[in-house]
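A.B. asks: have a look; sequence and predicted model below, questions after that.
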Amino acid sequence: MGLNRIIDIAGSGMNAQSVRLNTTASNIANAESVSSSAEGVYKGRHPVFAAAYHNMLGNPDSTNLSGDAASAGVNVLGIVESDAPLQMRYEPNHPLADEKGYVFYPNVNVVEEMTNMISASRSFQVNVEIMNSAKQMVQRVLTLGQ
(Lines give C-alpha, C1' and ligand atoms only; values in the text may rest on other atoms or scores of the structure.)
Protein backbone atom coordinates (compact mmCIF):
# COMPACT_ATOMS: atom_id res chain seq x y z
CA MET A 1 0.00 0.00 0.00
CA GLY A 2 1.41 3.34 -1.03
CA LEU A 3 1.47 6.45 1.08
CA ASN A 4 -1.12 8.04 -1.20
CA ARG A 5 -3.56 5.28 -0.23
CA ILE A 6 -2.98 6.11 3.44
CA ILE A 7 -3.89 9.73 2.75
CA ASP A 8 -7.04 8.61 0.92
CA ILE A 9 -8.08 6.39 3.84
CA ALA A 10 -7.47 9.15 6.39
CA GLY A 11 -9.41 11.56 4.17
CA SER A 12 -12.42 9.24 4.11
CA GLY A 13 -12.24 9.05 7.91
CA MET A 14 -12.15 12.84 8.14
CA ASN A 15 -15.17 13.07 5.84
CA ALA A 16 -17.09 10.56 7.96
CA GLN A 17 -16.30 12.43 11.18
CA SER A 18 -17.37 15.72 9.56
CA VAL A 19 -20.76 14.18 8.80
CA ARG A 20 -20.94 12.92 12.38
CA LEU A 21 -20.08 16.36 13.77
CA ASN A 22 -22.70 18.05 11.57
CA THR A 23 -25.49 15.67 12.57
CA THR A 24 -24.53 15.98 16.23
CA ALA A 25 -24.57 19.78 15.98
CA SER A 26 -28.00 19.60 14.35
CA ASN A 27 -29.27 17.37 17.16
CA ILE A 28 -27.97 19.75 19.84
CA ALA A 29 -29.41 22.78 18.05
CA ASN A 30 -32.86 21.16 17.96
CA ALA A 31 -32.76 19.54 21.41
CA GLU A 32 -35.26 21.98 22.90
CA SER A 33 -37.55 22.46 19.91
CA VAL A 34 -41.20 21.65 20.63
CA SER A 35 -44.24 20.54 18.73
CA SER A 36 -47.89 19.93 19.43
CA SER A 37 -47.79 16.50 17.77
CA ALA A 38 -45.47 13.50 17.66
CA GLU A 39 -45.31 13.73 13.87
CA GLY A 40 -44.08 17.32 13.83
CA VAL A 41 -41.34 17.11 16.43
CA TYR A 42 -37.66 16.90 15.50
CA LYS A 43 -36.22 13.39 15.76
CA GLY A 44 -32.55 12.84 16.51
CA ARG A 45 -30.40 11.82 13.55
CA HIS A 46 -27.33 9.61 13.44
CA PRO A 47 -24.98 8.77 10.56
CA VAL A 48 -24.44 5.16 9.49
CA PHE A 49 -20.87 4.21 8.58
CA ALA A 50 -19.45 1.16 6.86
CA ALA A 51 -15.87 0.05 6.58
CA ALA A 52 -14.76 -0.07 2.97
CA TYR A 53 -12.09 -2.61 2.20
CA HIS A 54 -11.90 -4.26 -1.17
CA ASN A 55 -9.16 -6.63 -2.27
CA MET A 56 -6.69 -5.26 0.25
CA LEU A 57 -5.43 -8.71 1.25
CA GLY A 58 -5.20 -10.05 -2.27
CA ASN A 59 -3.35 -8.81 -5.29
CA PRO A 60 -2.77 -5.05 -4.87
CA ASP A 61 -3.19 -4.58 -8.62
CA SER A 62 -6.62 -6.22 -8.64
CA THR A 63 -9.87 -4.32 -9.02
CA ASN A 64 -13.04 -4.52 -6.95
CA LEU A 65 -16.56 -5.17 -8.21
CA SER A 66 -17.03 -1.59 -9.39
CA GLY A 67 -13.84 -1.72 -11.44
CA ASP A 68 -11.91 0.64 -9.18
CA ALA A 69 -8.49 -0.13 -7.81
CA ALA A 70 -8.34 -1.78 -4.41
CA SER A 71 -9.50 0.64 -1.74
CA ALA A 72 -10.13 1.02 1.95
CA GLY A 73 -11.63 3.65 4.20
CA VAL A 74 -15.00 4.66 5.58
CA ASN A 75 -18.23 5.05 3.66
CA VAL A 76 -21.16 7.11 4.93
CA LEU A 77 -24.19 4.98 4.04
CA GLY A 78 -26.70 7.58 5.15
CA ILE A 79 -28.32 9.33 8.07
CA VAL A 80 -31.12 7.65 10.00
CA GLU A 81 -33.60 9.02 12.49
CA SER A 82 -33.38 7.77 16.06
CA ASP A 83 -36.09 5.37 17.15
CA ALA A 84 -35.81 6.40 20.81
CA PRO A 85 -39.14 7.49 22.32
CA LEU A 86 -40.05 11.16 22.16
CA GLN A 87 -40.41 13.18 25.34
CA MET A 88 -43.97 14.12 26.26
CA ARG A 89 -44.19 16.80 28.92
CA TYR A 90 -47.33 18.04 30.59
CA GLU A 91 -47.27 21.81 30.09
CA PRO A 92 -50.88 22.97 29.73
CA ASN A 93 -49.92 26.67 29.61
CA HIS A 94 -47.49 26.21 26.71
CA PRO A 95 -48.78 27.79 23.45
CA LEU A 96 -48.05 24.57 21.50
CA ALA A 97 -49.71 22.21 23.98
CA ASP A 98 -52.21 19.77 22.50
CA GLU A 99 -55.80 19.43 23.75
CA LYS A 100 -54.60 17.22 26.66
CA GLY A 101 -51.93 19.76 27.69
CA TYR A 102 -48.90 17.83 26.42
CA VAL A 103 -45.98 19.22 24.45
CA PHE A 104 -43.64 16.95 22.48
CA TYR A 105 -39.87 17.35 22.76
CA PRO A 106 -37.21 15.62 20.62
CA ASN A 107 -35.60 12.33 21.56
CA VAL A 108 -32.21 14.02 21.86
CA ASN A 109 -30.03 13.54 24.93
CA VAL A 110 -27.66 16.51 25.05
CA VAL A 111 -25.11 14.68 27.23
CA GLU A 112 -24.88 11.81 24.72
CA GLU A 113 -24.62 14.28 21.87
CA MET A 114 -21.77 16.16 23.55
CA THR A 115 -19.99 12.83 24.08
CA ASN A 116 -20.50 12.06 20.39
CA MET A 117 -19.12 15.47 19.48
CA ILE A 118 -15.98 14.99 21.57
CA SER A 119 -15.44 11.50 20.14
CA ALA A 120 -15.90 12.70 16.56
CA SER A 121 -13.57 15.63 17.13
CA ARG A 122 -10.85 13.37 18.50
CA SER A 123 -11.29 10.88 15.68
CA PHE A 124 -10.95 13.73 13.20
CA GLN A 125 -7.74 14.82 14.96
CA VAL A 126 -6.31 11.30 14.71
CA ASN A 127 -6.96 11.24 10.97
CA VAL A 128 -5.26 14.63 10.59
CA GLU A 129 -2.22 13.28 12.44
CA ILE A 130 -2.14 10.24 10.16
CA MET A 131 -2.22 12.53 7.11
CA ASN A 132 0.57 14.68 8.53
CA SER A 133 2.71 11.62 9.27
CA ALA A 134 2.19 10.27 5.74
CA LYS A 135 3.04 13.69 4.29
CA GLN A 136 6.26 13.83 6.31
CA MET A 137 7.20 10.35 5.10
CA VAL A 138 6.66 11.37 1.48
CA GLN A 139 8.80 14.47 2.02
CA ARG A 140 11.57 12.39 3.56
CA VAL A 141 11.50 9.94 0.67
CA LEU A 142 11.84 12.84 -1.76
CA THR A 143 14.91 14.15 0.08
CA LEU A 144 16.62 10.74 -0.10
CA GLY A 145 17.48 11.34 -3.75
CA GLN A 146 19.39 14.55 -3.07
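C.D. replies: That came in fine, so what should we check first?
A.B. asks: from here on, just use CA atoms for contacts and neighbour counts.
C.D. replies: Noted.
A.B. asks: how about the nearest residue to the residue nearest the centre of the chain, chain neighbours excluded?
C.D. replies: Central residue of the chain (Cα atoms, centre = their mean): residue 20, 2.3 Å from the mean position. Setting aside the residues directly before and after it, residue 20 is nearest to residue 47 in space (Cα to Cα, 6 or more residues apart in numbering), at 6.1 Å.
A.B. asks: show me the contacts for the residue nearest to the centre of the chain.
C.D. replies: By Cα atoms under 8 Å, 6 or more residues apart in numbering, the contact list for residue 20 reads 46, 47, 117, 120.
A.B. asks: quick one: it from residue 100, how far?
C.D. replies: 37 Å (Cα to Cα, to the nearest Å).
A.B. asks: could you look up the SS state of residue 89?
C.D. replies: What DSSP: H, G, I helix; E, B strand; the rest coil gives for residue 89 is strand.
A.B. asks: ugh, wrong one, I meant residue 83
C.D. replies: Going by three-state DSSP: residue 83 is coil.
A.B. asks: tally of neighbours for it?
C.D. replies: 10 (other Cα atoms under 10 Å).
A.B. asks: rewinding a little: mind pulling up the pLDDT for the residue nearest to the centre of the chain?
C.D. replies: In this model, residue 20 is scored at 96, pLDDT.
A.B. asks: quick check: phi and psi on it?
C.D. replies: Dihedral pair for residue 20: phi -60, psi -40, per degrees, to the nearest 10.
A.B. asks: swap in residue 131?
C.D. replies: Dihedral pair for residue 131: phi -60, psi -40, per degrees, to the nearest 10.
A.B. asks: surely residue 109 meets residue 30?
C.D. replies: No - look at residue 109 against residue 30 with Cα atoms under 8 Å: they stay out of range, at 10.7 Å.
A.B. asks: more neighbours, the two?
C.D. replies: residue 30 (19 against 12).
A.B. asks: which one is that one nearest to, not counting chain neighbours?
C.D. replies: Leaving aside its sequence neighbours, residue 30 sits nearest to residue 42 (Cα to Cα, 6+ apart; 6.9 Å).
A.B. asks: contacting residues around that neighbour?
C.D. replies: By Cα under 8 Å, 6+ apart, the neighbours of residue 42 are 30, 33, 34, 105, 106, 107.
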